[in-house]
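*Asks:* Please find the sequence and the predicted model below.
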Amino acid sequence: MPIGNGDRLMSWLERFARPKVRGIFRKDDIPQDLWEKCPACEQMIFHRELEHNQRVCPHCDHHFRLDAMKRLGYLFDDSEFQTIELPEVASDPLRFRDRKRYQDRLRDARSEANQDAVVVAHGMLSGQPAVIAAFDFAFLGGSMGVAVGEALLAGTRLAVLQDSAFIVVPASGGARMQEGALSLMQMARTTIAVDELKEARLPYIVVLTNPTTGGVTASFAMLGDITIAEPGAVIGFAGARVIEDTIHEKLPEGFQRSEHLLEHGIIDMVVRRQDLRASLCQLISLLRDTPPTAEIVKLNQTPANDPSG
């Protein structure tokens, strides 16, 4: 049977062209992170476009999670800031073990992220000094243990020392169960730290991100002079499923989302990530603005029967 032109073409492609193309573009040479899939709208987003948009989906406005260092870079002037060295704490005071030793979990988390679930840095926001504590959910779910409590105490004291605003950006599942009651004690310690800021009459602003739950919500995260949230963030103490199982009722649509909390007066603002830096700069300026002192001006009053008046 004679071979047609189409068969000859396919044979040539198989024997000569395809091996050469494979030799030029090897699988190992193709980056695997060029695209990311939005978990909300399932659209594929070019990695560079997503980073340029501060990791906010250009199709549906879904806010991806940010690591602490990237968050700090987006907020400070010219992405310039100085992180502070945090106090050392006992890494495993209870020698906790579940399926894995707590020390091993800490070691693995530190190999991929920071020293712990929060990074504290200082720098300038629109020329105004500020201290920011940014959480990293990738580090054991952003959970609050003794190290996080010490970090927030260090941040507040640095803000008092520098006479600057203190901003906290939590992303946390709550208290760290591997540290037991020691973790729960940080709720009280961080509340006391906030009181030190208020005594010094310094601005304390909280930016709630997805998620902010548990003991973090029940302590410093809800004590801000101004409480901001990113769109769509889950904010609450107990999870929605736990609440439904307890009260035996179906919760409203969007319950515990930032928009729902804004509607019911629990938070002050919902701000998109691209607008957050400008909003923080404006708020710090307003909160630090010293109102003019009232002066009593003595008026020259003319008696009613004075003809010269």
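*Replies:* That came through fine. Values in this document were obtained by computation on a predicted structure and should not be read as measured data. Residues are numbered from 1 along each chain as shown.
*Asks:* Quick check, Gly215 in contact with Met185.
*Replies:* No: using C-beta atoms under 8 Å, Gly215 makes no contact with Met185, being 10.0 Å away. Just so you know, the C-beta spots here come from the backbone N, C-alpha and C atoms, and that holds for glycine as well.
*Asks:* Of those two, give the one with the bigger neighbour count.
*Replies:* Gly215 (21 against 14; other C-beta atoms under 10 Å).
*Asks:* In which helix or strand does Arg110 reside?
*Replies:* Per DSSP states H and E, Arg110 falls inside helix 102-112.
*Asks:* how about that helix: buried residues?
*Replies:* Using 16 or more other C-beta atoms under 10 Å as the test for burial, helix 102-112 gives 102, 105-106, 109.
*Asks:* Kindly indicate which of those lies nearest Arg48.
*Replies:* Distance to Arg48, by C-beta to C-beta, is smallest for Ala109 among these, at 27.9 Å.
*Asks:* ok, back up a step: list the helices and strands the helix holding Arg110 packs on?
*Replies:* Applying 3 or more C-beta pairs under 8 Å, 6 or more residues apart in numbering; DSSP states H and E, one finds that helix 102-112 contacts no other helix or strand.
*Asks:* Who is Val206 paired with across the strands?
*Replies:* In this structure, Val206 has the following beta-bridge partners (DSSP bridges): Val168, Thr227.
*Asks:* Just list the residues touching it, thanks.
*Replies:* 167-170, 220-224, 226-228 (C-beta atoms under 8 Å, 6 or more residues apart in numbering).
*Asks:* Derive a PyMOL selection command for the buried subset of those.
*Replies:* This is the PyMOL syntax for the buried subset of the contacts of Val206, where burial follows 16+ other C-beta under 10 Å:
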select buried, resi 167+168+169+170+220+221+222+223+224+226+227+228
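*Asks:* For the stretch 1-150 of the chain, which segments are assigned as helices?
*Replies:* Counting by DSSP state H, counting those that start in this stretch, the segments of the stretch 1-150 of the chain that form helices are 5-12, 18-24, 47-52, 68-75, 102-112, 146-162.
*Asks:* mean confidence score for stretch 152-162?
*Replies:* For stretch 152-162, mean pLDDT rounds to 97.
*Asks:* For the helices of the stretch 1-150 of the chain, give me CSV that also has distance to Ser258.
*Replies:* Below are these laid out as CSV (distance: least, C-beta to C-beta, whole Å):
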stretch, distance to Ser258
helix 5-12, 57
helix 18-24, 49
helix 47-52, 21
helix 68-75, 17
helix 102-112, 27
helix 146-162, 22
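*Asks:* Go through those helices and find the least confident stretch.
*Replies:* helix 18-24 - the lowest mean pLDDT of these, at a mean of 53.
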